[in-house]
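A.B. asks: Just the structure for this:
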Amino acid sequence: MSLKILIVDDSKVNLIIGKTAFKGMDAEIDTALSGDECLEKAREKKYDLILLDQMMPGKDGITTFKEFKTMEGNLNTETPVIMVTASEDVTAEDYLKEGLSGYLKKPFKAEEIRKLTDNL
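C.D. replies: Predicted coordinates for the structure are as follows:
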């Protein structure tokens, strides 16, 4: 069974890097370039995992996540959402307080992805 994963980042390069981390895994990867696009996709398809970038123009990751949790038609209310950040100013606890399932520091390694997906 193929994992369905959504990667959200405003950088096309980061989306390519993110997809590469899943290379060799049985995973179907979708991407979104904004918080709004993430919300749209969450209404259209059920995912096993969502990787959400924190720093995006428009809706940042936290704002997107808050809307995600309360929006109507969300097929992913139980889907683990992992915040992805390059920021040094936040801790895992900061994200867990917001209700996220965890976080990854950029740049992340394929091994970190494999650990996340082992529990799905």
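A.B. asks: For the most centrally placed residue in the chain, list the residues it contacts.
C.D. replies: Centroid-nearest residue in the chain: residue 51, 1.4 Å away (criterion: C-alpha atoms, centre = their mean). By C-beta atoms under 8 Å, 6 or more residues apart in numbering, the contact list for residue 51 reads 5, 6, 7, 8, 9, 18, 82, 84, 104. (C-beta placed from N, C-alpha, C; glycine too.)
A.B. asks: Distance of it relative to residue 103?
C.D. replies: Distance, residue 51 to residue 103, using C-beta to C-beta, to the nearest Å: 10 Å.
A.B. asks: what touches both of those two?
C.D. replies: In contact with both residue 51 and residue 103: 82, 84, using C-beta under 8 Å, 6+ apart.
A.B. asks: number of nearby residues for the residue lying closest to residue 49 once chain neighbours are set aside?
C.D. replies: In space, and not counting its chain neighbours, residue 49 is closest to residue 5: 4.9 Å by C-beta to C-beta, 6 or more residues apart in numbering. Here the count is done by other C-beta atoms under 10 Å, and residue 5 has 25 residues near it.
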